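>>> predicted model and sequence follow; I will ask about them next.
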Amino acid sequence: MTALPMTESNAGGDPGDDFVIDQGWDVYSEQDHAIWRSLMARQSKLLPGRACHEYLEGFERLDIAAGGIPDFARLSDALDKATGWRIVAVPGLVPDDVFFRHLAGRRFPATNWIRRPEQMDYLQEPDVFHDVMGHVPMLTNPIFADYLQAYGRGGLKALRLGALPKLARLYWYSVEFGLIQTQAGLRIYGSGIVSSRTESVYCLESPKPRRVAFDLMRIMRTDYRIDDLQDIYFVIDGFEQLFEATRPDFMPYYEQLSREADIAPGELVAGDKLVEIE
Ligand code: PHE
Ligand code: FE
């Protein structure tokens, strides 16, 4: 692993090269914590029986629901014990290379701000509720934790190769909007889903979206929408599948993808294996 600047050295000051800031946990207001608690109250009712057990176990283990917006230092200590990952605070979206370097170093960059009361259901950019409640529980799972680190390294490589738009689709359709088939039925592992009231029900129960068996190359050809519920979800059969499918060198994949047409989110193609709900 490459040497990285000590994140602690920037705490409390201006963002450095790594964009890491102090979370400022002491300055959250009572209203900020109350927003967290009401978002949490909604989601924790919806997720049992919908989120995969890996997510739910991580959620319990880290005590994410407790009280209010978590202190990243305390949360990082608990996560570090599970998989060696830590949470670092960043001021919002960070440049791609910065984001990937954090992932490659097993640091999850989480924004520190929380939405306003009038934004309970819709946000353009991730806030601390999405970043922490959505992403952090899955990082207690060793395979998923390794996958996200490998993705970070792969991101740096995709940047060098000019292939980031393809690789970004994989993040979207796995880390953010992934579904998993289990013996108990279809379950959610994607962070964009678990942190959303409407999507956590829609993705499993609505007849409208397509659910298609995970296919790496197909995913990297598929556009996605950032402004609405998804038209398509990709379903893995286990986290090993995700990890193994992405282990090979992507260079020849990018080469092949550069000669293939993109697929619209609402479109089905030959070879798609549909996953049915009941
Ligand atoms: N194996 C990929 C490559 O060589 C990196 C990668 C790992 C990409 C995991 C996505 C997820 O580029
Ligand atoms: Fe996210």
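Received, thanks. Residues are numbered from 1 along each chain as shown. Ligands and ions are numbered 1, 2, ... in the order given.

>>> hey, let's count contacts and neighbours off CA atoms from now on
Will do.

>>> can I assume Ile180 sits in a helix?
No - counting by DSSP: H, G, I helix; E, B strand; the rest coil, one finds Ile180 to be strand, located in no helix.

>>> quick check: it touching Leu186?
Yes - Ile180 lies in contact with Leu186 (C-alpha atoms under 8 Å); the separation is 5.8 Å.

>>> quick check: residues of the protein near ligand 1?
Contacts of the chain with ligand 1, taken as C-alpha under 6 Å from any ligand atom, map to Tyr147, Ala150, Tyr151, Gly154, Thr246, Arg247, Pro248, Asp249, Phe250.

>>> can you tell me the closest non-neighbouring residue to the first one?
Excluding its sequence neighbours, the residue lying closest to Tyr147 (C-alpha to C-alpha, 6 or more residues apart in numbering) is Phe243, at 5.6 Å.

>>> name the SS class of the one you found, please.
On the three-state scheme (three-state DSSP), Phe243 is labelled helix.

>>> and it, what is it in contact with?
By C-alpha atoms under 8 Å, 6 or more residues apart in numbering, the contact set of Phe243 is Ile143, Phe144, Asp146, Tyr147.

>>> so of those, which ones are in helices?
Among the contacts of Phe243, the ones falling in helices (DSSP state H) are Ile143, Phe144, Asp146, Tyr147.

>>> out of those, give me the one that has the most neighbours.
Ranked by neighbour count (other C-alpha atoms under 10 Å), the ones in helices among the contacts of Phe243 have Tyr147 at the top, with 23 neighbours.

>>> doesn't Leu170 fall inside a helix?
Yes - if the criterion is three-state DSSP, then Leu170 is within a helix.

>>> how close does it get to Ala158?
For Leu170, the distance to Ala158 equals 12 Å [C-alpha to C-alpha, to the nearest Å].

>>> the more surrounded of these two?
Counted by other C-alpha under 10 Å, Leu170 and Ala158 do not tie: Leu170 has more neighbours, with 25 against 20.

>>> that one contacts Leu216, doesn't it?
Yes - between Leu170 and Leu216 there is a contact at 7.5 Å, judged by C-alpha under 8 Å.

>>> where along this protein do the strands fall?
For the chain, applying DSSP state E gives strands covering 86-90, 107-111, 179-182, 185-188, 210-213, 232-236.
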